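**Student:** I'd like to go over a predicted model; first the sequence, then the structure.
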Amino acid sequence: MPSDGDTLLKLEVPFIVQLGTRRMSVREVTALTPGTIVELPINAEDDLKLLIKNKVIGLGRAVKVGENYGVRITFVGDLNHRIDAVATADAASQVSSEADRLAEQMLAGQI
């Protein structure tokens, strides 16, 4: 019979590599069209944030791996911080679902 620790270690969570963020007004977002370029306030050599459910767990650099992109990890936070990010994944998922629902309504013209 697997222990709770074994079950936790098998849990799959979204691993996000954040290229950058930028605040935009709703007017700017609704004006986006295919081909629009959104400039991000980040230098090409800067480290990228590594997130689990919007909690930063480390840093890395973008690398090319054959025809794909990858990330070379340059820093990882302590184990307790990473476990905390995984443990709060369910709560963050509920908030994310609500944000997704609102975004869908906005795109459908319901808001």
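**Tutor:** Done, it's in.
**Student:** show me where the chain has its strands.
**Tutor:** Applying DSSP state E to the chain gives strands spanning 15-18, 48-52, 55-65, 68-76.
**Student:** which of these sits most buried?
**Tutor:** strand 48-52 (a mean of 20; mean count of other Cβ atoms under 10 Å). The way it works is simple: take the backbone N, C-alpha and C, and place the C-beta from them, glycine included.
**Student:** bridged to the spatially most central residue of the chain, which residues?
**Tutor:** In the chain, the C-alpha nearest the mean C-alpha coordinate belongs to Ile16, at 3.7 Å (Cα atoms, centre = their mean). Note on Ile16: beta-bridge partners Leu51, judged by DSSP bridges.
**Student:** over to Arg61?
**Tutor:** For Arg61, the beta-bridge partners under DSSP bridges are Arg72.
**Student:** list the contacts for it?
**Tutor:** Under the criterion of Cβ atoms under 8 Å, 6 or more residues apart in numbering, the neighbours of Arg61 are Glu45, Asp47, Leu48, Val71, Arg72, Thr74.
**Student:** any stretches of this protein with poor pLDDT?
**Tutor:** Low-confidence segments of the chain (pLDDT under 70): 1-5, 8, 81, 87-99, 101-102, 105-106, 110-111.
**Student:** so which residues of it form helices?
**Tutor:** 4-10, 26-30, 79-87, 89-107 (DSSP state H).
**Student:** returning to what we had before: now the contacts of Arg61 as a markdown table including distance to Ser25?
**Tutor:** Below are the contacts of Arg61 laid out as a markdown table (distance: Cβ to Cβ, whole Å):
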| residue | distance to Ser25 |
| --- | --- |
| Glu45 | 29 |
| Asp47 | 28 |
| Leu48 | 25 |
| Val71 | 31 |
| Arg72 | 35 |
| Thr74 | 34 |
